[in-house]
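>>> When you get a sec, could you give me coordinates for this:
(one chain, ligands or ions: 1)
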Amino acid sequence: MTRRMTSTTCEAREARRRALILGATGGIGAAVARHLARDGWQLLLHGRNGERLQELCASVANERPPVANERPPVANEREPFGPPVANERQPFGPPISFPGDLTEWAADPKTMPPLEPVDAVVWCAGQCELAPAKMLRAKALERLLRVNLVAPLVIGGWLVRKGALRPGGTLVFIGSESAQAAGEGFAAYAASKGGLASAARVLAREWGDPEKGPGIAVHCLEPGTVDTPMTRELIATFGGLKDGHEQSMIPPETVAAEVRDLLARAAQ
Ligand SMILES: NC(=O)c1ccc[n+]([C@@H]2O[C@H](COP(=O)([O-])OP(=O)(O)OC[C@H]3O[C@@H](n4cnc5c(N)ncnc54)[C@H](OP(=O)(O)O)[C@@H]3O)[C@@H](O)[C@H]2O)c1
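Numbering: from 1, shown residues only. From the prediction side, this is the model:
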């Protein structure tokens, strides 16, 4: 279902628990956020739309795992039948919102807000635009490459160089099965995701060996068609997917579970 391209993994290391999810406001990103929150990760959640991001942070805060000796939420004394008062103790801390446009940060990484080092970065941000190959225009192609290829490589490299992704950490890119398939109309998107997959192999080689580099494991997952706002928008625009693919769309939770498993294994 999800084609996995796994690159170098590192030696076992102690459990690590702080993750940055880029594109967390999207269908796959939000599912990854929920899965990692349930696993006890402290999260920095990224998206462009600040309001949507705040809502996501609030909803993901409810997903965090139960903590030993934690008091359950107590009823509001003044309003015994009213909503419970939120428990003040949040040992993992609620998710932190990290808004911004990735293409702007990639153009000048110094404009990226500072961030406490994380143990994992999950790159779920991306865009899809379809067009027959003979209609491709430089502007549209460059726009897509900037989001899907330039930003992950430049910002990924920046995070590693600055130690914002800790040595021994894990970087997961969400690529796409389209990189390997010959879907009509997908030339630009496939090029961007194919480039990402190829580059991920190189990053894994350059960064994966703890003797020579930071010992960062790099993975690129390549899911098939996932049921997310991106896909729904394409269906609405083009009146359906080819070969009735709507019936066999992968739930975003399936991709999220793979990301969670990868990170859980890396933390062992
Ligand atoms: N859906 C599929 O069938 C499928 C299949 C294989 C791979 N993928 C890949 O999986 C990833 C997530 O896809 P999805 O379906 O979850 O898409 P989605 O629901 O459309 O979400 C896309 C995410 O990317 C963010 N984003 C887009 N452009 C950005 C930019 N310039 N700067 C910062 N953030 C930006 C969006 O932020 P805002 O909320 O601010 O817009 C959103 O969080 C993408 O890379 C996609 O190519 C998707």
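
>>> CA atoms for contacts and neighbours, from now on please.
Fine.

>>> so Trp41 touches Arg18, yeah?
Yes: shown here, Trp41 and Arg18 form a contact pair, counting by CA atoms under 8 Å, at 5.5 Å.

>>> what does this protein have sitting close to the ligand?
When proximity is defined by CA under 6 Å from any ligand atom, the chain lies next to the ligand at 23-29, 47-49, 101-103, 124-128, 147, 174-176, 223-231.

>>> Now the buried members of the residues you listed.
Applying a neighbour-count criterion of 16 or more other CA atoms under 10 Å, the buried members of the residues of the chain next to the ligand are 23-29, 47-48, 102-103, 124-126, 128, 147, 174-176, 223-228, 230-231.

>>> Centre-most residue in this protein?
For the chain, the residue whose C-alpha lies nearest the mean C-alpha position (CA atoms, centre = their mean) is Cys124; its distance is 3.0 Å.

>>> ok, the nearest residue to Ile250 once chain neighbours are set aside - contacts?
With sequence-adjacent residues excluded and distances taken as CA to CA, 6 or more residues apart in numbering, Ile250 is closest to Val226, at 4.5 Å. Under the criterion of CA atoms under 8 Å, 6 or more residues apart in numbering, the neighbours of Val226 are 249-252.

>>> The helix or strand containing Glu258 - what's its average pLDDT?
Take DSSP states H and E as the rule and Glu258 turns out to sit in helix 252-266. Computed over helix 252-266, the mean pLDDT rounds to 96.

>>> what's it packed up against?
For helix 252-266, the contact count by 3 or more CA pairs under 8 Å, 6 or more residues apart in numbering; DSSP states H and E identifies helix 27-38, strand 165-174 as packing neighbours.

>>> now it, how far from the chain's geometric center?
In terms of CA atoms, centre = their mean, to the nearest Å, the centre of helix 252-266 is found 11 Å from the chain centre.

>>> how about that helix: buried residues?
For helix 252-266, burial by neighbour count (16+ other CA under 10 Å) applies to 252-260, 262-263, 266.

>>> Val150 versus Phe186, what's the distance?
Separation of Phe186 from Val150 (CA to CA, to the nearest Å) stands at 18 Å.
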